[in-house]
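Asker: requesting a structural model of the entry that follows:
(one chain, ligands or ions: 1)
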Amino acid sequence: MAVYTRIPGSVAVITLTNPPVNALSSTVRKAISQTVSRAGADSEVKAVVLCGDNRMFCAGAGADIREFSGTMSGPALVPLIDEIEGGEKPVVAAIEGVALGGGLELALGCHYRIAHSEARVGLPEVTLGLLPAAGGTQRLPRLTGIPAALELITTGRHVSAPEALKLGIVDKVTDGNVREVAVEFARSIAGHPLGPRRVSSWPVHCPPDLGRLLEEALTRIRQSSRGAMAPVACVQALRAAATLSFTQGMEMEKALMATLFNSGQARALQYLHFAQRAVGKWSMPSGACWHNTKPRPFHKAGVIGLGTMGKGIAVSLIRAGISVIAVEMGEKQLEVGRKAVNAMVERNARKLGKAPALALIDFTLNLQDLCDADLVIEAVFEDMNLKKQIFRELSSVCRPSALLCSNTSGLDIDEIASVTCRPELVVGTHFFAPAHVMKLLEVVRGSRTSPVTVATAMQLGKQLDKIGVLVGNCSGFVGNRMLRPYTEQAYFLLEEGARPEQVDQVLEEFGFAMGIFKMSDLSGLDVGWRVRKELGLTGLILPSGAAPRIRSGHRYSPLPDILCEKGRFGQKSGWGWYLYDKPGGRVATPDPWLETFLEEYRNIHGIRARRIDPQEILERCLYSLINEGFCILEEGIAAMPEDIDAIYVFGYSWPRHRGGPMFYASMVGLPRVLEKLEHYHQAHPDVPQLEPSGLLRKLVASGSPPIQQWGQVIKKHRSHL
Ligand SMILES: CCCCCCC[C@H](O)CC(=O)SCCNC(=O)CCNC(=O)[C@H](O)C(C)(C)COP(=O)([O-])OP(=O)([O-])OC[C@H]1O[C@@H](n2cnc3c(N)ncnc32)[C@H](O)[C@@H]1OP(=O)([O-])[O-]
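Answerer: Predicted structure coming up:
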């Protein structure tokens, strides 16, 4: 609702009251409309202040975001804002906390905007698959000019109050009580002519190279968010602002919104918005969960190993103000690591305009120096024996309360914990490369990990500004376990006649920034090779005479192993699935050698190459990954589909506008996914990952409920297992 108060001496204050973020629900819109009319009708009132309760102006939405999925009711936001702007009495927006989306659009319809210095404003609709459709795309460029509006609306970036002042979005910034400052200001401008204060009547200042600017924006968008509709629509709306009248621009804004509103992309991005919040509300099978378990405080962390992962982890910790002691095994590695970490910290500080926090990090060769750390993150090679040796030592070196975390990407946490005297304090913290950039942290609980340990690891993620997702312990955990059938399908497709660039093209058209083969070249083919050797799938462990394309009775492709045996490790060696101009080169070109090699390989193994259409490539790669996701839900390794989707979007660059693999499956339709898996499994009975999971069958048998209701079916299904 909105509360109406008369301040002695001619000012009315309208306070939006809808906790937690004063979203513009239908009730709130109705109350604004009524209170604005009341102020208009009251002859004593000469000016109005619009503010939000609880130090928060308004986080937006013509309806709140949740209302978007239902039918909208109550007064529409656009005429309401027009009414405020067109009114005869000045309205001053007093902005505290945030003014986002519809909240900022409401403020843009006011005649003046005063913000607290710590407030933030922005039009983040694009991140929800929408555009600011209550006049945001037409009023903002009239205040800031096209280039700034283009950047803000297509990225959804939040802007601090001081920056908003520079850009012309707000008129005044104060450190004082915004409401009081706004009331005082409102008194002072009562009676001033309002014509010049109506932003809709302002001209849009266009740069002379408008066409080029918009084209460049579209190119950037196509590169960074391949296939996403909302940012493209934002550019179109801004083109309309620059070239049409305000009224025509508003019509264009409305038409574009209608297209986005009904798209699956908006649904996917809104689902993701809530999924991202839901994963923080973790729970364990024991009943322990985020609101009944307190994390332990931590101030000092150890990082073991300064390879790619260790360096990124150390930088993340320092950035969060946690002091770090970094350990390497040899003088040379320590020196190289020290230089690299210091340079990264300095670069990062320069970007933020802060002093580098180099005093927060110490480097040592001695594990004993970790004796007073509150937690230690081991980030050495994926070698179980090495990890066990380190954890054994940590167990005696570290203080009894210290958390021992392993940055393993898939090794058994219970086996690592078994060599320590404190398995309840051992937890997996799986970071993603580069660890100071990627948002995801998979927190892996072993069978003996205590709730407090989980709570502390999840809190660590929060403090590092990551999205922590709690998962169970199994080979590859959630992310890498699901990746295995996906990459295997890609290799099988090559065996059957596809080329790497063909598979990559299909995946890139789906929305991935990089196809699986380009991605493997970037991360290094040797990483997976080492894991497969450790699993006994390739290398010397294999008995001589073993069938090259079968492991444990199932189909196996030795293609990536053969490439590694030939020294083709990807970008770092200058060749892998593609050819690069030099070792470390970035531009991938198809390699004629590989084409010949694949032909010979097929001849040796008696495989007749066939033409494989893009739909089969997409379905086999994605549905096998999704099927594994269902198995993971069935086993309770992930608690809910939102966990899997957050992992894939924030750790594996799954296109955001597709919502994540499980959401995508729900959009395709579970019966179709099931039917296709059955079809491909029939064609490839030696690939067990194509056999539809029991949970998928159950969901289809239960009428394929919407993803938000899978939880009930999952619970029942698990209790029957
Ligand atoms: C033709 C049709 C015309 C249509 C007109 C279109 C109008 C407009 O252009 C569309 C919009 O405004 S689109 C909207 C554009 N606006 C945005 O995209 C803003 C998105 N929100 C944010 O960026 C962050 O939530 C804040 C920065 C507001 C707070 O961050 P923080 O301090 O880290 O806290 P937190 O944990 O994140 O949230 C706390 C609680 O608030 C909840 N909630 C949040 N926003 C909500 C909303 N708008 N609504 C409802 N609820 C919202 C959130 O779920 C959570 O609830 P829970 O029950 O406790 O789990």
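Asker: just the element for the closest residue to Glu642 other than its chain neighbours, please.
Answerer: Nearest residue to Glu642 in three dimensions, chain neighbours excluded: Ala275, at 3.8 Å (C-beta to C-beta, 6 or more residues apart in numbering). Backbone N, C-alpha and C define where each C-beta goes, glycine included. Applying DSSP states H and E as the criterion places Ala275 in helix 264-278.
Asker: other SSEs contacting that helix?
Answerer: Identification of packing neighbours for helix 264-278 by 3 or more C-beta pairs under 8 Å, 6 or more residues apart in numbering; DSSP states H and E yields helix 65-68, helix 230-243, helix 641-651, helix 661-668.
Asker: what does the chain put close to the ligand?
Answerer: Applying C-beta under 6 Å from any ligand atom, one finds that the chain approaches the ligand through 20-21, 23, 59-62, 64-66, 77, 98, 100-102, 105, 124-125, 128, 130, 132-134, 136, 254, 257, 277.
Asker: could you rerun that using 5 Å?
Answerer: Taking C-beta under 5 Å from any ligand atom as the contact definition, the chain meets the ligand at 20-21, 23, 59-62, 64-65, 77, 100-102, 124-125, 132-134, 257, 277.
Asker: and the next helix or strand past the helix holding Ala275?
Answerer: Beyond helix 264-278 on the C-terminal side, the first helix or strand identified by DSSP H and E is strand 300-304.
Asker: what sits up against that following strand?
Answerer: Applying C-beta atoms under 8 Å, 6 or more residues apart in numbering, the set of residues contacting strand 300-304 from outside is 310, 313-314, 317, 322-327, 367, 370, 372-380, 390, 398.
Asker: list the buried residues of that strand.
Answerer: 300-304 (16 or more other C-beta atoms under 10 Å).
Asker: got the CA positions of that strand in PDB?
Answerer: Extracted as PDB, the C-alpha positions of strand 300-304 are listed here (Å, rounded to 0.1, in the frame of the first residue of the first chain):
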ATOM      1  CA  LYS A 300      42.500 -16.100   8.300                       C
ATOM      2  CA  ALA A 301      42.600 -18.700   5.500                       C
ATOM      3  CA  GLY A 302      45.300 -20.900   4.100                       C
ATOM      4  CA  VAL A 303      45.600 -21.800   0.400                       C
ATOM      5  CA  ILE A 304      47.700 -24.700  -0.600                       C
END
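Asker: name the strands paired with it and say parallel or antiparallel.
Answerer: Listed by DSSP bridges, the sheet partners of strand 300-304 and their directions read strand 323-327 (parallel), strand 375-378 (parallel).
Asker: tell me the helix or strand right after the first one.
Answerer: Per DSSP H and E, the first helix or strand lying C-terminal to strand 323-327 is helix 331-352.
Asker: tell me the average confidence for whichever helix or strand comes after that following helix?
Answerer: Elements were assigned by DSSP H and E; along the chain past helix 331-352, the next helix or strand is strand 361-364. Computed over strand 361-364, the mean pLDDT rounds to 96.
Asker: what pairs with strand 361-364, parallel or antiparallel?
Answerer: In its sheet, and by DSSP bridges, strand 361-364 pairs with strand 323-327 (parallel).
Asker: neighbouring contacts of the partner strand?
Answerer: Here strand 323-327 makes contact (C-beta under 8 Å, 6+ apart) with 299-306, 310, 314, 317-318, 337-338, 341, 360-367, 369-370, 373.
Asker: any of the residues you listed buried? List them.
Answerer: Members of those classed as buried by 16+ other C-beta under 10 Å are 300-306, 310, 314, 317-318, 337-338, 341, 360-361, 363, 367, 369-370, 373.
Asker: still on that earlier bit, quick one, which of the contacts of strand 300-304 are buried?
Answerer: 310, 313-314, 317, 322-327, 367, 370, 373-380, 390, 398.
Asker: show me the shaky parts of this structure.
Answerer: Within the chain, the stretches with pLDDT under 70 are 62-74, 540-545, 720-721.
Asker: list the contacts of the residue nearest to the spatial centre of it.
Answerer: Nearest to the mean C-alpha position of the chain, by C-alpha atoms, centre = their mean, lies Phe650 at 3.9 Å. Residues touching Phe650, when contacts are defined by C-beta under 8 Å, 6+ apart, comprise 276, 438-440, 467.
Asker: how close does the residue nearest to Glu642 get to Ala638?
Answerer: Separation of Ala275 from Ala638 (C-beta to C-beta, to the nearest Å): 12 Å.
Asker: neighbour count for the two, which is higher?
Answerer: Taking Ala275 and Ala638 together and counting by other C-beta atoms under 10 Å, Ala638 has the greater number of neighbours (28 against 25).
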